[in-house]
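> Provided below are the primary sequence and the corresponding predicted coordinates.
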Amino acid sequence: MKANVFVTLKQDVLDPEGLTIKNALNTLNYKNIKNVRMGKFIVIEFTDSKKNKVEEDLKKICNDILSNPIIEDYTFKIED
Amino acid sequence: MRFGVIVFPGSNCDMDCYYVLKDVLHQKVDYLWHKDSITEDYDCLVLPGGFSYGDYLRAGAIARFSPIMSSVIEFAKKGKLILGICNGFQILLEAKLLPGAMIKNNCLQFVCKYIHLTKETCDTPFTNFNKNILKIPIAHGEGHYIADKDTLKMLQDNDQIVFRYCDEKGHITESANPNGSVFNIAGIVNKQRTILGMMPHPERCSEKELGSMDGRLIFESIINYLDI
């Protein structure tokens, strides 16, 4: 079972990397960019086949290590 | 006094910390490998600077789960002294031994230069000395300290903010802030005042030949505190 995890900075946390990318896009003449935020995409393949167990483990993994809840949010999607 | 300098894979300031403690200040000091538990009696642990685990995921995020950290947390619970420098500070934050978090410098550049700090409180084992403006170098890419409003209020109310970035005259200004840290915070202690995390490197300025001896004041304060 595979999990696709997205970790992003919380909305009220400054993201200078995202801002730099936005400025770079402006330089490339994309004047219609409102905002850019950088995040992380992590793929975890589990050996389990029970979705409940994977989800339970994944929540803990995301809270304990993949994200820092002080500054980051996460979402995930599990594929069979 | 007996100091332990913890070495994580990717730590690179451990030798400087060891050298200052052993050869400059003549203290007993051991290297402690991150995979080992702490079985001997130490008076102070130092988590040195560097790039533990390559700063992968987030600086300090993986080192926080190194086997030695269980011993470090037990050490902290006993109220013993811990000094976290740069990456060491980041590890203490990730381990929740200190409040708040660290993100990339505002400028997105790795900043390596001498800066000045105001010493905000004498009331810690680490800052019991007279000098109030210190000249200490920084070298970091993720040094922007961040904390929510409640945490910041708690730090202020409890006198937990130890160092703030300032200019050479001690004025705390935006231009003196090298990384965007909230409130120009460069170092904090925990509520019990036994754990100090600081981004600047005192081990890089403990000898006259290196341009400043202000870092030595912090180490000497620890030694004097333990000597009582």
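Here it is on my side, so go on.
> Number of residues surrounding residue 33?
I'll assume chain A. When counting by other CB atoms under 10 Å in any protein chain shown, one arrives at 13 neighbours for A:Ile33. C-beta coordinates here come from the backbone N, C-alpha and C atoms, glycine included.
> meant chain B, my bad for not saying
Neighbour tally, B:Trp33, other CB under 10 Å: 13.
> OK, contacts around the closest residue to it other than its chain neighbours?
Nearest residue to B:Trp33, sequence neighbours excluded (CB to CB, 6 or more residues apart in numbering or on different chains): B:Val7, at 5.7 Å. For B:Val7, the contact set (CB atoms under 8 Å, 6 or more residues apart in numbering or on different chains) comprises B:14, B:31-34, B:48.
> Please name the nearest non-neighbouring residue to B:Ile85.
Using CB to CB, 6+ apart, the closest residue to B:Ile85 is B:Gly49 (5.0 Å).
> now do B:Arg58
The nearest residue in space to B:Arg58 (CB to CB, 6+ apart) is A:Asn68, at 5.9 Å.
> Neighbours of B:Cys44, how many?
25.
> quick one on the thing from earlier: quick check: the gap between the residue nearest to B:Trp33 and A:Asn26.
With distances taken as CB to CB, to the nearest Å, B:Val7 is found 45 Å from A:Asn26.
> before we move on, what about A:Ser67?
30 Å.
> Looking at those two now, which is surrounded by more residues?
More crowded of A:Ser67 and A:Asn26, by other CB under 10 Å: A:Ser67, with 24 against 12.
> hey, which helix or strand in chain A has the poorest pLDDT?
helix A:16-27 (a mean of 92; mean pLDDT, DSSP states H and E).
> is chain B contacted by that one?
Yes. Contact of helix A:16-27 with chain B (CB under 8 Å from any CB of the partner chain) involves A:16-17, A:20.
> Show the backbone phi and psi for the residue nearest to B:Trp33.
phi -120, psi 120 (degrees, to the nearest 10).
> about what we covered before: the least confident helix or strand of chain A: which residues count as buried?
Across helix A:16-27, burial judged by 16 or more other CB atoms under 10 Å in any protein chain shown covers A:16-19, A:22.
> Please apply the same query to stretch B:30-40.
By neighbour count with 16+ other CB under 10 Å, stretch B:30-40 contains the buried residues B:30, B:32, B:34, B:38.
> Could you check how many residues crowd around the closest residue in space to B:Asp159 that isn't next to it in sequence?
For B:Asp159, ignoring the flanking residues on the chain, the nearest one in space by CB to CB, 6+ apart is B:Thr121 at 5.1 Å. Neighbours of B:Thr121 under the rule other CB under 10 Å: 15.
> so is B:Thr121 in a helix, a strand, or just coil?
Of the three states, B:Thr121 takes coil under DSSP: H, G, I helix; E, B strand; the rest coil.
> So which bits of chain A are right by chain B?
Counting by CB under 8 Å from any CB, the residues of chain A that sit close to chain B are A:9, A:13-14, A:16-17, A:20, A:40, A:65-66, A:68, A:70-71.
> Hmm, B:Phe163 and the residue nearest to B:Asp159 touching each other?
No. Contact criterion CB atoms under 8 Å: B:Thr121 and B:Phe163 do not qualify, at 9.3 Å.
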